[in-house]
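**Q** Fold the following.
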Amino acid sequence: MQLFYNPNISENDTSFNFDKEESRHIVKVLRKKSGNQLYITNGNGWLFEAELTLASMKHCLVNITSKSLQPKRSFNLHLAVAPTKMNDRYEWFLEKATEIGIETITPIICDHSERKVVKTERFEKIIQSAMKQSLQCYLPKLNAPITFKDFVKQDFSGQLFVAHCEDTERKSLKSQVKPNEDYTILIGPEGDFSVKEIEQAIKSNFIPVTLGETRLRTETAAIVACHSVTFINE
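**A** Numbering: from 1, shown residues only. Sure thing, here's the model as predicted:
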């Protein structure tokens, strides 16, 4: 099964036209022909089965033959992760977190962040590609970058965690996660959160946690947190 993504398709549609770029990909790269079946999602949970009725590199038309709303997970995971110095590492995190399962991602700019400017256009494409590859119908939401200070001032529901490496009292994330709840987890930059940021997080009701015995890179820590929450909820 190969999954296509287009945010413009609606559950009320009976047919759908692909744009020129997507049409060229369908015909020239994938070599699809009239009569072939396609699977499409709009990223909002809908899975559409469709028959290709017109196959042209400039214009592909499908008739929707069936549709179904896929079930959501019983919990929501929001990872707020500081940008890495090298973009490819953050892109790796986005790809793997999407494959594992995640609802929301927010880049947070911290005191020790080496990268202060974040462009999210390519990040969005990475997430879309990973969603299709892993055959999921819910596109994770990528928020605009925000400073750590402003992020922790927001109202959150569910369990709140801040993962850091300071030699202070911390609990294992796995021991604290309760199944079937919402989670917001803060992951710091290569230089970790500053002491001030950790104090701010705790004042905002984030529980300090550890992700294991070894010191992890930012992107690795984020994946460990993502997998831990998903595993406990299986």
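**Q** How about the secondary structure of the residue nearest to Asp192 when sequence neighbours are not counted?
**A** Excluding its sequence neighbours, the residue lying closest to Asp192 (CB to CB, 6 or more residues apart in numbering) is Cys165, at 5.0 Å. (C-beta placed from N, C-alpha, C; glycine too.) Following DSSP: H, G, I helix; E, B strand; the rest coil, Cys165 is assigned to coil.
**Q** check contacts around Cys165.
**A** 192, 210, 215 (CB atoms under 8 Å, 6 or more residues apart in numbering).
**Q** what's around the second one, how many residues?
**A** This points to Thr210. 16 (other CB atoms under 10 Å).
**Q** contacting residues for it?
**A** Contact analysis of Thr210 by CB under 8 Å, 6+ apart lists 163, 165, 170-173.
**Q** and the helix-or-strand element of the chain with minimal mean pLDDT, which residues are buried?
**A** Least confident element among the helices and strands of the chain, by mean pLDDT, DSSP states H and E: helix 20-24 (a mean of 89). Residues 23-24 are the ones in helix 20-24 that count as buried (16 or more other CB atoms under 10 Å).
**Q** Kindly report the same for stretch 28-37.
**A** Those would be Lys32, for stretch 28-37 by 16+ other CB under 10 Å.
**Q** ok, Gly212 touching Ile223?
**A** No: with contact defined as CB atoms under 8 Å, Gly212 does not reach Ile223; the gap is 11.9 Å.
**Q** Thanks a lot, catch you later.
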